[in-house]
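[1] Return a 3D structure for these sequence lines:
(one chain, ligands or ions: 1)
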Amino acid sequence: MNIASWLEQSARSHPSLPAAASGTRVLATYAQLAERAARQAGALRAQFGLAPGERVAVVAKNTPAYLELLYGIWHAGCAAVPANAKLHGAELGYILEHSGARVCFASKGVDDEIAPHAPKNLEHLITIGGADYQALLTADTLPLTPRAPDDLAWLFYTSGTTGRPKGAMLTHRVLAAASQAYANEVDPVSPGDAILHAAPMSHGSGLYIMAHVARRGVQVVPESEGFEPEEVFALIGAWPRASMFAAPTMIKRLVECPAACDPENIRTLIWGGAPMYVEDALAALDRFGPRLAQIYGQGEAPMTITTLSKQDIAERGHPRWRERLGSAGKPYASVEVMVADGEDAPLAAGETGEILCRGEVVMPGYWRNEEASRAALRGGWLHTGDVGAFDAEGYLHLKDRSKDLIISGGSNIYPREVEEVLLTHAGVREVSVIGRPDREWGEVVVAYVVGRAAPAELDALCLSRIARFKRPKDYIFVDTLPKNNYGKILKTELRARDLRAMDARKGGTPKETA
Ligand code: AMP
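    Prediction:
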């Protein structure tokens, strides 16, 4: 079972349907994409001598070439290692070394970043679109290399907000199960439907490639190679029934973009990867109508743990609609999800604990990291590190990652519940709540706010909605919040900044506040 067989099937049944486009320009039909992938595979085998199972890195900005690369690598029976092109050269060097890749394809410019950090195992660094790259596409085609369901297909390095990234091993089975879950429960795809890749293809957006190849959709990569709201709107106008995966911060930028957008052409806007505040979800619903869906997942169970359906999001008349909107939805039919206590025993609805899951979408482990694999998969369940609770209806409410939990005066405070309240103030554009070490309370609640508002008003708002002890003791107004390349707010970084600022204010040493 080689996931690349879906491309062969689509090329056979719908050879002349568009498969890949750059902006509004079709670059390859299904027949052409399948041929390019088979030639790419021929070059990997004949010119580089790569055996099935070897890892091939792709460090690229969003580009239509991602498609022929991924499928070429799989066609040859190799595993792809897509890495975020915005990482530092040293970080990329680590991923290249750890994965043991002998070949790396990189965007122009990114290749220079990698070169000084290239590990010994890397024999070929090929610039995508360059002369060497074009030559590979003239190689003789290779027949599809058979693979077993448990063979490695995608080595997914976690975004690593702390520590070294770990490589989640995504097998052909995992990718197939995640793609089927997407098409069944999030967003059914029909031939000719478009998927816009404005979020990184090395991550969330890339995981939607396979479902669209299986169902003969067209993959549209913006010419800007990234996310520009105006361009996204223009592409939505140009492509039929377009879907797009976006981080909540991207959805927010789309909502705020003054350019015109006819939502009629949108099939589904899927958000995930980070919390979406209810206020932001409501604004998106007002602007785009009943075309939003949410997914919750992580690299270890790629994009597939729970989903909040389009119907649930749009069902304004339902008595629990607003509460559901604040949840991450229900488990996919093919995934078992448990909220567990410290001993991995299931907790009742309403009780908060760590979220565990198991099923075909879960990775079998981390690449070359036995210890982390055993810890993450103990007892046969993936320990997500996320904290949440099921409600009585079976909707999962995510709190925050356990390390973000604030404990003040012995009480637990989840930053998100405070953030949700602060965001209802018209002057608050973005907010992140953290804990600051405190001698008396253990930690106190501090809110970093982008926007304008009087602290007394924010205090009054909190007092009207949440327990007094959850109210921030300090509001700090900033222009921006620290975010990683996927738009996730980096609380660890914010806490470190806050400590430094406190030290500077007190003129003390870090020890005083640690
Ligand atoms: P990554 O493996 O980099 O994709 O990060 C996965 C993490 O992002 C999860 O473990 C969650 O903490 C967070 N996350 C993913 N989806 C959602 C969501 N829908 N709502 C809130 N947090 C999410």
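[2] leaving aside the residues next to it on the chain, what's closest to the closest residue to the ligand within the stretch 1-150 of the chain?
    Closest contact between the stretch 1-150 of the chain and the ligand, by CB to the nearest ligand atom, is at residue 84 (10.0 Å). Where C-beta positions appear, they are placed from N, C-alpha and C, glycine not excepted. Among residues not flanking residue 84 along the chain, residue 202 sits closest, at 5.0 Å (CB to CB, 6 or more residues apart in numbering).
[3] The one you found against residue 87, yeah?
    No - assessed by CB atoms under 8 Å, residue 202 is found out of contact with residue 87, at 9.5 Å.
[4] Common neighbours of these two, please.
    Shared contacts of residue 202 and residue 87, defined by CB atoms under 8 Å, 6 or more residues apart in numbering, comprise residue 59.
[5] neighbour-wise, which of those two wins?
    Between residue 202 and residue 87, counted using other CB atoms under 10 Å, the more crowded position is residue 202 (27 against 22).
[6] do you know how far the more buried one is from the ligand?
    For residue 202, the distance to the ligand equals 11 Å [CB to the nearest ligand atom, to the nearest Å].
[7] i'd like the first residue to be 16 from this point on
    Shifting the count to begin at 16 puts that one at residue 217.
[8] Below-threshold pLDDT in the protein: ranges please.
    Per-residue confidence for the chain (pLDDT under 70) gives these ranges: 174-178, 417, 522-529.
[9] Nearest the geometric middle of it, what residue?
    Nearest to the mean C-alpha position of the chain, by CA atoms, centre = their mean, lies residue 219 at 3.8 Å.
[10] Contact partners for that one?
    Contacts of residue 219 (CB under 8 Å, 6+ apart): 260, 262, 287-288, 318, 501.
[11] Need the residues you listed in CSV (columns: distance to residue 27, secondary structure and neighbour count).
    Listed next are the contacts of residue 219 as CSV, based on distance: CB to CB, whole Å; DSSP: H, G, I helix; E, B strand; the rest coil; neighbours: other CB atoms under 10 Å:
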residue, distance to residue 27, secondary structure, neighbour count
260, 28, strand, 30
262, 36, coil, 23
287, 33, strand, 26
288, 35, coil, 24
318, 28, strand, 26
501, 36, coil, 19
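[12] Need the nearest residue in space to residue 214, chain neighbours excluded.
    Looking at residue 214 with CB to CB, 6+ apart, the closest residue is residue 220, at 4.1 Å.
[13] what's the neighbour count on the one you found?
    For residue 220, the count of nearby residues is 25 (other CB under 10 Å).
[14] Spell out which parts of the protein neighbour the ligand.
    173-174, 287-290, 309, 311-314, 343, 399, 401, 413, 416 (CB under 6 Å from any ligand atom).
[15] Looking at these, point me to the pair that's furthest apart.
    Farthest apart among the residues of the chain next to the ligand by CB to CB are 173 and 309. That separation is 20.7 Å.
[16] Pull the contacting residues for residue 476.
    By CB under 8 Å, 6+ apart, the neighbours of residue 476 are 436-437, 439-440.
[17] Just those: which are in strands?
    Among these, no member falls in strands (criterion: DSSP state E).
[18] Any of the residues you listed buried? List them.
    Among those, those classed as buried by 16 or more other CB atoms under 10 Å are 436-437, 440.
[19] What is the nearest of those to residue 67?
    residue 437 (52.8 Å).
[20] Report the separation between the closest one and the ligand.
    With CB to the nearest ligand atom as the criterion, residue 437 and the ligand are 17 Å apart.
[21] any idea what sits nearest that residue, other than its immediate chain neighbours?
    Using CB to CB, 6+ apart, the closest residue to residue 437 is residue 446 (4.7 Å).
[22] Please name the residues that touch the one you found.
    Contact partners of residue 446, counting by CB under 8 Å, 6+ apart, are 434, 437-438, 462-466.
[23] phi, psi of the residue nearest to the centre of the chain?
    For residue 219, the backbone dihedrals are phi -50, psi -50 (criterion: degrees, to the nearest 10).
[24] can you check residue 325 too?
    phi -60, psi -40.
[25] can you check residue 349 too?
    Main-chain dihedrals, residue 349, degrees, to the nearest 10: phi -90, psi 0.
[26] Pull the number of nearby residues for it.
    By other CB under 10 Å, 15 other residues sit near residue 349.
[27] Can you name the secondary structure element that comes next after the one helix or strand residue 402 maps to?
    Following DSSP states H and E, the helix or strand that holds residue 402 is strand 397-405. The helix or strand immediately downstream of strand 397-405 is strand 411-416, counting by DSSP H and E.
[28] Does anything pack onto that next one? Which helices or strands?
    Counting by 3 or more CB pairs under 8 Å, 6 or more residues apart in numbering; DSSP states H and E, the packing neighbours recorded for strand 411-416 are strand 397-405, helix 430-437.
[29] Name every strand pairing with that strand and say which way it goes.
    If you go by DSSP bridges, strand 411-416 pairs up with strand 397-405 (antiparallel).
[30] tally of neighbours for the residue nearest to residue 402 when sequence neighbours are not counted?
    Leaving out its chain neighbours, the residue that sits closest to residue 402 by CB to CB, 6+ apart is residue 414, at 4.5 Å. Per other CB under 10 Å, the neighbour tally for residue 414 reads 21.
[31] so how far is residue 399 from residue 414?
    The gap separating residue 414 from residue 399 is 12 Å, by CB to CB, to the nearest Å.
[32] Repeat that for residue 32.
    Distance of residue 32 to residue 399, computed by CB to CB: 38 Å.
[33] of the two, who's got more company?
    Counted by other CB under 10 Å, residue 32 and residue 399 do not tie: residue 399 has more neighbours, with 22 against 17.
[34] secondary structure class for the closest residue in space to the more buried one that isn't next to it in sequence?
    Computed as CB to CB, 6+ apart, the closest residue to residue 399 that is not its neighbour in sequence is residue 370, at 4.7 Å. At residue 370 the chain is in strand, as set by DSSP: H, G, I helix; E, B strand; the rest coil.
[35] how many neighbours does residue 370 have?
    Residues contacting residue 370 under the criterion other CB under 10 Å number 27.
[36] Looks like it contacts residue 354 (just checking).
    Yes - contact criterion CB under 8 Å: residue 370 and residue 354 qualify, at 6.0 Å.
[37] Give the closest residue to residue 409 in space, chain neighbours not counted.
    Using CB to CB, 6+ apart, the nearest residue to residue 409 is residue 345, at 5.5 Å.
[38] my read: the one you found touches residue 410, true?
    Yes - at 5.9 Å, residue 345 counts as touching residue 410 under the criterion of CB under 8 Å.
[39] shared neighbours of the two, which are they?
    Common contacts of residue 345 and residue 410, defined by CB under 8 Å, 6+ apart, comprise residue 323.
[40] that older thread, who's more crowded, residue 173 and residue 309?
    Neighbour totals were compared for residue 173 and residue 309, and residue 309 leads with 23 against 16 (other CB under 10 Å).
[41] and that one, that one's in a helix?
    No - counting by three-state DSSP, residue 309 is not found in a helix; it is strand.
[42] tell me the contacts of the nearest residue to it once chain neighbours are set aside?
    The shortest distance from residue 309 to any non-neighbouring residue, by CB to CB, 6+ apart, is to residue 323 (4.0 Å). Residue 323 sits next to 308-310, 339-340, 342-345, 410 when contact means CB under 8 Å, 6+ apart.
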